[in-house]
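# any chance you can model this:
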Amino acid sequence: MGASLSLIPESRSSSLTSGKSPRDSPVPTNHGSSDESVPLLSDLEANHRSYHANGAAGPEPVGKRGTKGAMRDITLRISKNSGPVLRDALKAVPAVILGTLLNILDGISYGMIIFPAAGVFTGLGGVGVSMFFVTAIIAQLIYSAGASGFAGANGSMMIEVVPFFHLIANQIAEEMGDGDPHSVIATTLVAFAFSSILTGATFFLLGALKLGSLIGFFPRHILVGCIGGVGVFLVITGLTVSTRMADDDFSLSLDTFKFLVLNVHNLVLWLPALCLAVLLRVITHKWEHQLIFPVYFCIIPAVFYVVVVAAHIDLSTLRESGWLFDMGASREPWYHFYKLFDFKATNWSAFWATMPTQFALLFFNILHPPLNVPALAVSLNHDTDTDRELVAHGYSNLLAGLVGTVPNYLVYVNTLLFYRVGGDTRVSGFMLAGATTVLLLVGTGPIAYIPVMVVGALIFVLGIDLVKEALWDTRHRVSTSEYITIASIMICMTVWDFVAGVLFGIVVSCIFFVVQSSQRRSIRSLHSGDTVMSTVRRPGAHRAYLRDVSKQTTILRLQGFMFFGTITHVEDAIRALLDEHAWRRNPIRFLVLDLALVAGVDMSAAEAFVRVRRLLEGKKVVLVLCGFTAESSVGHALNNVGLLDMDGVELFETFSDAVEWTENTYLRAWFRAQKAETLPVALPGRQDDVIPFPGSVIDSPRRAALVDAGWRTIARDHSPPDPQDAPEPFNTLVRAFSSYEAIDRDTYAPLIPYLTRMPVPAGAELWKQGDVPDGLYIVESGILRATYHFADPTPPMVESMVPGTIAGELSALSGLERNATCVVERAAVVWKLSVEDLARLEEAHPELARAFTRLVLKVAKLDYDILITALATRQ
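Numbering: from 1, shown residues only. Reported below is the predicted structural model:
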């Protein structure tokens, strides 16, 4: 039908195809018959070849045939070359008949109600029907000519605009008064045509700029509420059309109830139409066929006139009683509405006063095609481009506006039915346009013989379907708050007007978004520093120390958009960490906020981070931010409030860098506390000479915990032996393995000859991922960096190796290919145990080789535990 239930296309299809979902029915897939490349106006004799009896191609001898033979040959040529077009045309006849019937039903039901049926607009039903057919023909020609990706696309008037048209017409009439009907009608027609131009320009821009997907971001339940409001309007329109009641006279009052229900004559006028609509739904619920709907509404007028003839009732009496439309003097030709255009008589002040309604209409219009097109593509198993369809809608509506008619669009249900009965070619689309043109040329005279109950039943059917889809079909598909929103929009549109309803929907959608977003978890996870360590390979004593003192680091990983609705949870969580009871149990030194998954920060949230920083400053806690750069949108937002320039705030691009920096700071603090002038170890990452919490390490529980952990771990490992008594590489072996068991010099002395000292400059590549292993390396000085590359789209993982650690051990022991690429980050000295030397060690000293391998596996196990933890927690 002419209306498209954009939101729930399956339900819409069921309302017209006896309750069956589009996906439940077979879809024609004859791509040959729907070939869009078939030329419609090509030269039928182009490239024609005449074949003789011997099979050779050549010119026909002149003068050998008579006139009859020549005519027969011409006929044969035409039929041969026009075969594909004729086949498509014959195949499309059932679809064209169905499409024409649907256009008739849509035209007389929705075209008749384009204008209000009261005041200066009385008797303009025929004009509305003509405008309906004109816009339908324009859309059909544009789509069939190739603008649409659907070869059998059906175009028709947007029936959802009718409530807005009534508002526009009534606003103009109220602004201008009834003194000059010609000027009121002329201004109204200009406003209607302008709505088409405005709609077309918007569609064209959305499609040309590839912005069609943006419409999908609009909350669906708000649009469902608007559609439900249209349904209520159509039910009311069905009552007013059936009883000839003016739109302005209808109100939710006792007087209206008396007029419609207690007045027996009026009750008899609208009740049969409502009963017919309900009966159709009962029939389509039990039987499923796409022809039930049009055949049903063809039977009703036939039965009506059988009764009229049998009862010998005069048609003029029926017309006076309201059973037939009284067209009065409106039996003019289809182009009569052009005579009503008069730019000189147009009241531009009244025209511009309708702009709020025009933009509300536009907002409502642009929501349909981006929803209809993908749904139709799924139903027809047809690939299409939504932006292309928007451009097509732009062309059809711009042209419709320029020729002075109303907006149009691709009708989901009509197109689906058209395809199912064979209308899947552009030939069928042009044929439908031609049949609709015939309807237009016939004029509006036959409308005077259409029973009012037919139009009323059509309007009731669509209105009931829309209300059902909004209220009944969504009852188990949306949340309680969304359902309340849908019902509220419908009530607002019914009690006040459609503009207020659309505005109410927009406001409600904003409130709904804020409430819904604020209920989402903005804190993705909360960790203690001892459970999430950096991917730096450190000596065992250092790791033991860091695991102990990193309890003073708390990590908050945030997500989503930080605004006034979500930042409250973050601020409350941080305040809870600084609460006196929590502080006594676990005082913290670093608060790491990972904003890698934060989409943005508004001003309220940025200022909340400033408040958090003040709270942390009072406790001498350093705020460490990571997951963004100062040039990013998040960085700009925080920089605008001066947060990044404040003391006690550190910024790192990645989470790993931030955690690595906190660990390095703990190590520096320990060595500085031992009065070490220079650090006895190399530290990767950012090199800071100043410890960011000098005042907080004096006589505090955190200071005591740091010192105690250092004495229990690092101190036992860093009583440097006399270099003469412990030359390299034994000192490096001690640093690498002493945390796991005692390293006796005499026991491991036979290992030394198998180790090769290798000085390597910064930037040198030790191996590539996928290489055959050549041995393992023990780092004496400098820093190595290994990069693990994974399959897309997983980002790589970087691991650093400092003095006293091992590199390449698992691949060397297993003989499997390297799983990372290792380069020298800072000039280093390494001791290499090649695969060949390891094999010689196993032969010469098997017990020592087994003991050494056991030590290496212990170190590797801990290293890979930390690496796996980092992989599991990095997002």
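# got the CA coordinates for stretch 477-490 in CSV?
Output of stretch 477-490 as CSV, limited to C-alpha atoms (Å, rounded to 0.1, in the frame of the first residue of the first chain):
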residue,chain,number,x,y,z
ARG,A,477,10.5,-6.2,22.4
VAL,A,478,11.3,-3.0,24.3
SER,A,479,12.0,-2.1,27.8
THR,A,480,9.4,-0.6,30.1
SER,A,481,10.8,2.9,29.8
GLU,A,482,10.9,2.7,26.0
TYR,A,483,7.3,1.4,26.0
ILE,A,484,6.2,4.3,28.2
THR,A,485,8.0,6.7,25.8
ILE,A,486,6.2,5.2,22.8
ALA,A,487,2.8,5.6,24.4
SER,A,488,3.7,9.2,25.6
ILE,A,489,4.6,10.3,22.1
MET,A,490,1.3,8.9,20.8
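# mean confidence score for it?
Average pLDDT, stretch 477-490: 84.
# equivalent analysis for stretch 493-503, please.
The average pLDDT for stretch 493-503 rounds to 76.
# next one: stretch 93-113
Per-region confidence: stretch 93-113 scores 81 on mean pLDDT.
# and if you look at stretch 708-716?
pLDDT averaged over stretch 708-716 gives 69.
# now do stretch 339-346
The pLDDT scores in stretch 339-346 average 91.
# so which bits of it are buried?
Thr346 (16 or more other Cβ atoms under 10 Å). In this view, the C-beta of every residue, glycine as well, is placed from N, C-alpha and C.
# can you pull out the residues in contact with it?
Stretch 339-346 has contacts (Cβ atoms under 8 Å, 6 or more residues apart in numbering) with 127, 180, 182-183, 185-187, 189-190, 332, 404.
# mind checking the end-to-end distance for that stretch?
13 Å (Cα to Cα, to the nearest Å).
# the helices in the stretch 351-500 of the chain, which residues?
Taking DSSP state H, counting those that start in this stretch as the test, the helices found in the stretch 351-500 of the chain are 355-365, 369-380, 386-402, 412-420, 426-442, 452-467, 480-495, 498-519.
# tell me what the second one is packed against?
Spelled out, it's helix 369-380. helix 9-16, helix 386-402, strand 408-410, helix 412-420 (3 or more Cβ pairs under 8 Å, 6 or more residues apart in numbering; DSSP states H and E).
# now it: mean pLDDT?
Mean per-residue pLDDT for helix 369-380: 74.
# let's number from 27 now, not from 1
Got it, the first residue is 27 from now on, which makes the last one we talked about helix 395-406.
# now stretch 501-509, how far from the chain's geometric center?
20 Å (Cα atoms, centre = their mean, to the nearest Å).
# touching that stretch from outside, list them.
Identification of contacts with stretch 501-509 by Cβ under 8 Å, 6+ apart yields 247, 250, 500, 512, 538, 541.
# may I have the distance across that stretch, first residue to last?
7 Å.
# so Ile140 sits against Gly154, correct?
Yes. Ile140 sits in contact with Gly154 when judged by Cβ atoms under 8 Å, with a separation of 3.4 Å.
# could I get the helices of the stretch 377-526 of the chain as a markdown table with mean neighbour count and distance to Phe697?
Output for the helices of the stretch 377-526 of the chain, formatted as a markdown table (neighbours: other Cβ atoms under 10 Å; distance: least, Cβ to Cβ, whole Å):
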| stretch | mean neighbour count | distance to Phe697 |
| --- | --- | --- |
| helix 381-391 | 20 | 66 |
| helix 395-406 | 22 | 63 |
| helix 412-428 | 24 | 62 |
| helix 438-446 | 26 | 73 |
| helix 452-468 | 21 | 81 |
| helix 478-493 | 25 | 75 |
| helix 506-521 | 18 | 58 |
| helix 524-545 | 17 | 46 |
